[in-house]
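A.B. asks: A predicted structure for the sequence below; I have some questions about it.
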Amino acid sequence: MDFLSLSFLFFSVLSATLAATFIVLRVLTKASVLDHPNVRSSHTTPTPRGGGLAIVAILIPVWVFIGLAKSENMAEVWALSGGALALAAMSWRDDISGLPPIWRLLGQIAAVALVLSVAPDNGPYFGGLVPPFLDLLAAGLLWIWFINLFNFMDGIDGISGIEAFCIGSGVGLIALTANLNGVLPLYGLTIAAAALGFLWWNWHPAKIFLGDVGSVTLGFLLGWLLLALSSEGQWAAALILPLYYLADATLTLARRGLSGKKIWQAHREHYYQRAVQNGFKHSEAAFIIFLANLALIALAALAAWGWTWLAVAAASLVTAALLFFLGSKRQSKA
């Protein structure tokens, strides 16, 4: 597609998601589907939860349309869209009345296994460093972990919209410049557009939250994008783009696990949550993460151009500096 066509697609998805989120906001408010604050929350007023319904309603049909036009593996397109819809339905049920963690996990395993079973054999996900069976198993486990960490990290206004926008944009940029799989640039750009449309309503102070229906589904789709990018030989870029989310969630939950706490329970111990507790506004913390993600996108592009280990090392430094900054107490103004 040429630049004009890509721009039209991007702004069409953005506008549609912007409008759909407004409609969902009205419906959820009228139905009193609200996220009430508690001791583990970062918000202080009841806020409609379930805005991810708008993203699902726009993004899945668009991805199916793109798949029909561009994909050579329709089994994967249907498995991916079907898995996303099934997880969205399960997560919406969880938003409304709650589901035991084991059922959520089994649903994620089934969706991931279905897509991986029909995925094309483009290449190993981990650069041939492990045997094929372990490569596939590790890809599935990492994908399931990414779905959950994306859900865990959705704890302040704007953060998940920014992360989805940056990962989608990064995948789209790298796929376009490296002339990769026909659907990857379009999938990346459209998920970025949908995230940006939702972000208008979710920026601090948020008028609506994603809910599990949004965060789980986005984690599933973004995880597939990153694995697909890696299978095309761009493993370093696929690692760098979500590196902040990977580091924050993994280090925080490891610390909680080692201290004997239940890692699946809601809490306020992530680095971005500590930043808010230490005096940053939601918008300030989210914007700092956005700036760091711009650097990670640039470094992912550098890795795609052949400077692999330099880019990985620099991305590790950027992420470590971000974690340190977020976790530090903010100096009060004189």
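C.D. replies: Received, thanks. Numbering: from 1, shown residues only.

A.B. asks: distance of Phe11 from Val183?
C.D. replies: In this view, Phe11 and Val183 are 19 Å apart by Cβ to Cβ, to the nearest Å. Placement of C-beta: from N, CA and C, glycine included.

A.B. asks: who has more neighbours out of the two?
C.D. replies: It is Val183, of Phe11 and Val183, that has more neighbours when counted by other Cβ atoms under 10 Å, with 22 against 13.

A.B. asks: quick check: phi and psi at the more buried one.
C.D. replies: phi -90, psi -20 (degrees, to the nearest 10).

A.B. asks: and it, what is it in contact with?
C.D. replies: Applying Cβ atoms under 8 Å, 6 or more residues apart in numbering, we find Val183 in contact with 66-67, 70-71.

A.B. asks: what's the pLDDT at it?
C.D. replies: Predicted confidence (pLDDT) at Val183: the value is 91.

A.B. asks: repeat for Ser71
C.D. replies: 81.

A.B. asks: ranking helices and strands of the chain by mean pLDDT, which lands last?
C.D. replies: strand 34-35 (a mean of 86; mean pLDDT, DSSP states H and E).

A.B. asks: what segments of the stretch 151-300 of the chain are helices?
C.D. replies: All helices of the stretch 151-300 of the chain, identified by DSSP state H, counting those that start in this stretch, fall at 159-177, 183-202, 212-231, 235-240, 243-258, 271-277, 282-304.

A.B. asks: select, out of the ones you listed, the one closest to Leu149.
C.D. replies: Closest approach to Leu149 among the helices of the stretch 151-300 of the chain is made by helix 243-258 (3.6 Å; Cβ to Cβ).

A.B. asks: below-threshold pLDDT in the chain: ranges please.
C.D. replies: Counting by pLDDT under 70, the chain has low-confidence residues at 38-44, 122, 264-265, 329-334.

A.B. asks: ok, 50 please
C.D. replies: When residues are selected by pLDDT under 50, those of the chain lie in 332-334.

A.B. asks: among the contacts of Val183, which are located in helices?
C.D. replies: 66-67, 70 (DSSP state H).

A.B. asks: so can I have JSON lines of these showing neighbour count and distance to Ala54?
C.D. replies: Written out in JSON lines, the entries for these read as follows (neighbours: other Cβ atoms under 10 Å; distance: Cβ to Cβ, whole Å):
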{"residue": "Ile66", "neighbour count": "19", "distance to Ala54": "19"}
{"residue": "Gly67", "neighbour count": "21", "distance to Ala54": "21"}
{"residue": "Lys70", "neighbour count": "16", "distance to Ala54": "24"}
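
A.B. asks: burial count for the closest residue to Pro48 other than its chain neighbours?
C.D. replies: Leaving aside its chain neighbours, Pro48 sits nearest to Leu28 (3.9 Å; criterion: Cβ to Cβ, 6 or more residues apart in numbering). Neighbouring residues of Leu28 were enumerated by other Cβ under 10 Å; the total is 22.

A.B. asks: so how far is the first residue of stretch 205-217 from its last?
C.D. replies: Distance across stretch 205-217, first residue to last, is 23 Å (Cα to Cα, to the nearest Å).

A.B. asks: mind listing what's buried in that stretch?
C.D. replies: Residues of stretch 205-217 classed as buried under the neighbour-count rule (16 or more other Cβ atoms under 10 Å) are 206-217.

A.B. asks: repeat for stretch 79-96
C.D. replies: Taking 16+ other Cβ under 10 Å as the criterion, stretch 79-96 shows 79-81, 83-84, 86-88, 90-92, 94-95 as buried.

A.B. asks: follow-up on the earlier one: against Ile96, how distant is the residue nearest to Pro48?
C.D. replies: Distance from Leu28 to Ile96, counting by Cβ to Cβ: 11 Å.

A.B. asks: that'll do, ta.
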